[in-house]
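# Here is the input, now give the coordinates:
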Amino acid sequence: MVVLAGCQGLPPVDAPGDAAAASGLGDAIIVQMDDESLDASPAADRTLSPQQSVRLAIRRDARIQAALVGVRLALIDAKQARLLPNPILNVSWRFPEGGGTSIFETTITGDLMAVLTKPGQISAADSRLRAAAATAVATVLDVIAEVQESYASAQSIEAEVALIESRRVLIQRQRDVADARFKAGQGLMLDTLTLDAQRVALTVELSQRRLERTEQRLTLARLIGEPSGSADWQLDPWQVPVPVKANEAAWLKAALANRPEIRSRVWELAALGDEVALAEFAAFEGSDLGPHAEHDSSWVVGPDVTTPVPIFDFGQQHKAKAEALRLKARYELTQFRREVIEQVRRAYAAHAVSRAALEQAQNELLPLQEKRRDQAELAYRSGDADLATLLLAESDLQETRERLVELQEKVTVAMLKLERAVGGAGIARTVESPTTLPVTTGRE
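Here you go, the predicted model:
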C-alpha cells in the first residue's frame with residue numbers, strides 16, 4: 001500500500017486558468033517569456049485601453065513569470081515526493097589468513113523511514129503545490145491592480161492637464177477684455193497685470209502637471225513591458241464604475257472564500273499538518289531494511305535491519321518544532337483574514353462615500369459654479385462687477401472641476417481595490433450577480 005501511494009496522481013493545478021477566471025479576463029493567456037529582453041515590441045496602434053494594458057502586463061510582467069516558475073518548482077517537488085528511494089548495495093569480499101575459501105557478503109538496504117513516510121511526504125508536497133498555484137494567482141491579481149490604478153492615475157492627470165490648458169485660454173481671453181477696457185478708459189491697468197500673473201502661474205502649474213503626466217506614463221510603460229517606449233498612447237476617456245449593488249456582508253463572504261492568499265495559507269497549513277504527523281518517525285530516521293547474503297562454504301540469506309535505539313532522542317523536539325510551526329501558521333492565517341476584512345470594508349466605504357460625493361458635485365455643485373461664473377463674467381464685461389469677483393468665481397469653478405476629477409479617480413481606485421480585496425474582478429461579478437456562485441478551492 002505504501003508503494004502504491006507513490007504512484008498516485010498529481011493534484012489538478014492550473015494557475016494560469018485560475019488567474020484568468022479570478023481576474024475576469026477569461027480568455028487571457030499567460031505565456032512564458034522566451035527571453036529576458038527589457039522591452040517588448042510596441043504595437044503599431046498607439047491607442048491604449050485599460051483592457052489592453054492589463055493583457056499586455058500579464059503577458060510580459062516578470063513577477064508573474066517568476067510566480068509561475070515557483071509553481072513549476074513545487075510541481076517538481078511533488079513529483080520527487082512520489083519517487084521511492086534508491087536501494088543501497090553493499091558488497092564485501094574477505095580472504096581468510098593462510099588461504100582457504102573466501103568469504104563473500106552482499107547487502108541490499110533501503111531507507112525504511114522514507115518508505116513508511118511516503119504518503120505524508122506526498123500529501124505535504126501536493127499541498128505546497130496548491131499553495132504555490134494560489135500564490136501565483138495572487139501575483140497576477142496584484143499586477144492587474146497595479147496596472148489598473150496606474151492607468152486611472154494617468155487618466156486623471158490627463159484630465160487635469162486639459163483643465164489647466166482650457167483655463168489658461170480663458171484667462172488669456174479675459175486678459176484681452178481687460179486690456180480693451182483699459183484702453184477705452186473703463187478699466188484699470190491692475191486688472192491686466194493681475195490676469196497676466198494668473199496666466200503665468202497657470203503656465204508654471206501646467207509644466208508641473210505635464211511632468212507628472214510623463215512620470216505616470218513611464219510607470220505605465222514599465223508595467224506593460226515597454227519601459228523604453230515612447231509612452232505616447234491615446235488613453236480612453238473616463239468611465240466611472242457603476243454603483244455597487246451588493247451589501248458589505250456579501251463582499252466579505254466572497255473575499256474570505258475566494259482570496260488566493262487565504263487559500264495559499266490554508267494549503268501551507270495543511271502541509272505543516274502532514275509534517276507534524278511525519279515528526280512521529282523522527283527518532284527512527286536512518287533505519288534501513290533489506291536482505292543480507294553471505295557465502296562461505298555455502299550461501300546464507302536473511303533479513304538485515306538497522307535502526308536507531310531511541311534512548312536519548314525520542315524525536316520530541318522535532319515534533320514540538322513541527323507543532324509550533326503549524327500553530328504559527330494558524331495565527332498568521334487568522335491575522336491575514338482579519339486584514340482581508342479590513343481591506344474589503346475600507347474599499348467598500350471609500351467607494352460608497354466617493355460615489356455619493358461625485359454625484360452631488362456633478363449634479364448640483366458644478367452647474368451652480370458654472371452659472372455663477374457666467375454671471376460674474378457678464379457683470380464684469382458690463383462693468384457691474386470688478387475683476388476680483390470674476391476671478392473668485394473662476395477659481396471656484398476650476399476647483400470644482402479639479403475636485404470632480406479627483407472624485408472620479410477615487411471612485412475608480414476604490415472599486416479596483418474592492419475587486420482586489422475580494423479576489424479579482426471575476427469574483428466581484430459573482431458578488432454583484434448572485435445567480436453565479438463563485439468557485440472556491442481550498443482545504444480547511
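# just checking, what packs against the strand or helix carrying M113?
Per DSSP states H and E, M113 falls inside helix 112-116. Other helices and strands packing on helix 112-116, by 3 or more Cβ pairs under 8 Å, 6 or more residues apart in numbering; DSSP states H and E, are helix 2-5. Quick note: C-beta positions are derived from backbone N, CA and C, even for glycine.
# Moving C-terminal from the helix it packs on, which element do we reach first?
Where DSSP H and E defines the elements, the next helix or strand beyond helix 2-5 is helix 15-23.
# Can you list the buried residues in stretch 253-265?
For stretch 253-265, the neighbour count (16 or more other Cβ atoms under 10 Å) marks A254, A255, L256, A257, N258, R259, P260, E261, I262, R263, S264, R265 as buried.
# Show me these that map onto helices.
A254, A255, L256, A257, N258, P260, E261, I262, R263, S264, R265 (DSSP state H).
# residues touching A138, list them.
For A138, the contacting residues are R259, P260, E261, S264, by Cβ atoms under 8 Å, 6 or more residues apart in numbering.
# make it 10 Å
Counting by Cβ atoms under 10 Å, 6 or more residues apart in numbering, A138 touches A19, A22, A67, R259, P260, E261, I262, R263, S264, R420, G423, G424.
# need those residues in a markdown table with distance to Q234, can you?
Formatted as a markdown table, the contacts of A138 follow (distance: Cβ to Cβ, whole Å):
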| residue | distance to Q234 |
| --- | --- |
| A19 | 28 |
| A22 | 30 |
| A67 | 32 |
| R259 | 35 |
| P260 | 34 |
| E261 | 36 |
| I262 | 39 |
| R263 | 39 |
| S264 | 39 |
| R420 | 27 |
| G423 | 32 |
| G424 | 28 |
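# of all those, which comes closest to V147?
V147 lies nearest to R420 out of the contacts of A138, by Cβ to Cβ, at 11.5 Å.
# That closest one should be in a helix, yeah?
Yes: counting by DSSP: H, G, I helix; E, B strand; the rest coil, R420 is part of a helix.
# Tell me how far it lies from R72.
Using Cβ to Cβ, to the nearest Å, one gets 25 Å for the distance from R420 to R72.
# Verify the stated contact: I157 with Y151.
No: counting by Cβ atoms under 10 Å, I157 stays clear of Y151, with 11.0 Å between them.
# Mutual contacts of these two, please.
Common neighbours of I157 and Y151 (Cβ under 10 Å, 6+ apart) are Q216, R217, L235.
# Inside strands: which ones of these?
Judged by DSSP state E, strands contain the following of the shared contacts of I157 and Y151: L235.
# okay, the shared contacts of I157 and Y151 in a markdown table with pLDDT next?
Output for the shared contacts of I157 and Y151, formatted as a markdown table (pLDDT from 0 to 100):
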| residue | pLDDT |
| --- | --- |
| Q216 | 94 |
| R217 | 94 |
| L235 | 92 |
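# Considering the shared contacts of I157 and Y151, which possesses the most neighbours?
Neighbour tally across the shared contacts of I157 and Y151 (other Cβ atoms under 10 Å): the maximum, 23 neighbours, falls on R217.
# How about that one, nearest residue that isn't a chain neighbour?
A231 (4.0 Å; Cβ to Cβ, 6 or more residues apart in numbering).
# And A19, by the same measure?
Closest residue in space to A19, ignoring its immediate chain neighbours: V140 at 3.9 Å, by Cβ to Cβ, 6+ apart.
# these two touch, right, the one you found and A15?
Yes: if you go by Cβ under 10 Å, V140 and A15 touch, sitting 8.2 Å apart.
# quick one: common contacting residues for these two?
Common neighbours of V140 and A15 (Cβ under 10 Å, 6+ apart) are I30, I64, A67, L68, P260.
# Grab the most central residue of this structure for me.
For the chain, the residue nearest the mean C-alpha position is D142 (1.6 Å; Cα atoms, centre = their mean).
# That one: which element?
If you go by DSSP H and E, D142 is part of helix 118-183.
# L404 now?
L404 belongs to helix 387-422 when assigned by DSSP H and E.
# Which is the succeeding secondary structure element to the helix or strand harbouring Q52?
Assessed by DSSP H and E, Q52 sits inside helix 50-60. Moving toward the C-terminus from helix 50-60, the next helix or strand (DSSP H and E) is helix 62-81.
# List the buried residues in that next one.
For helix 62-81, burial by neighbour count (16+ other Cβ under 10 Å) applies to I64, Q65, A67, L68, G70, V71, A74, L75, D77, A78, A81.
# Which of these sits closest to K319?
A81 (20.5 Å).
# Look up the closest residue to the closest one, ignoring the ones flanking it.
A125 (3.8 Å).
# now swap in K319 and tell me
The spatially closest residue to K319, leaving aside those adjacent along the chain, is A279, at 3.9 Å (Cβ to Cβ, 6+ apart).
# check contacts around the one you found.
So A279 contacts T117, G120, G315, Q316, Q317, H318, K319, A320, K321, A322, E323 (Cβ under 10 Å, 6+ apart).
# Between these, identify the one with the most neighbours.
Busiest of those [other Cβ under 10 Å] is T117, holding 23 neighbours.
# model confidence over the helix holding L404, on average?
Averaging pLDDT along helix 387-422 yields 90.
# Quick one: list the elements packing against it.
Helix 387-422 is packed against helix 15-23, helix 118-183, helix 189-223, helix 248-258, helix 316-360, helix 366-382, helix 425-432, with contacts defined by 3 or more Cβ pairs under 10 Å, 6 or more residues apart in numbering; DSSP states H and E.
# so which of these gets nearest S41?
helix 189-223 (13.2 Å).
# buried stuff in the helix holding Q52?
P50, Q52, S53, V54, R55, L56, A57, I58, R59, R60.
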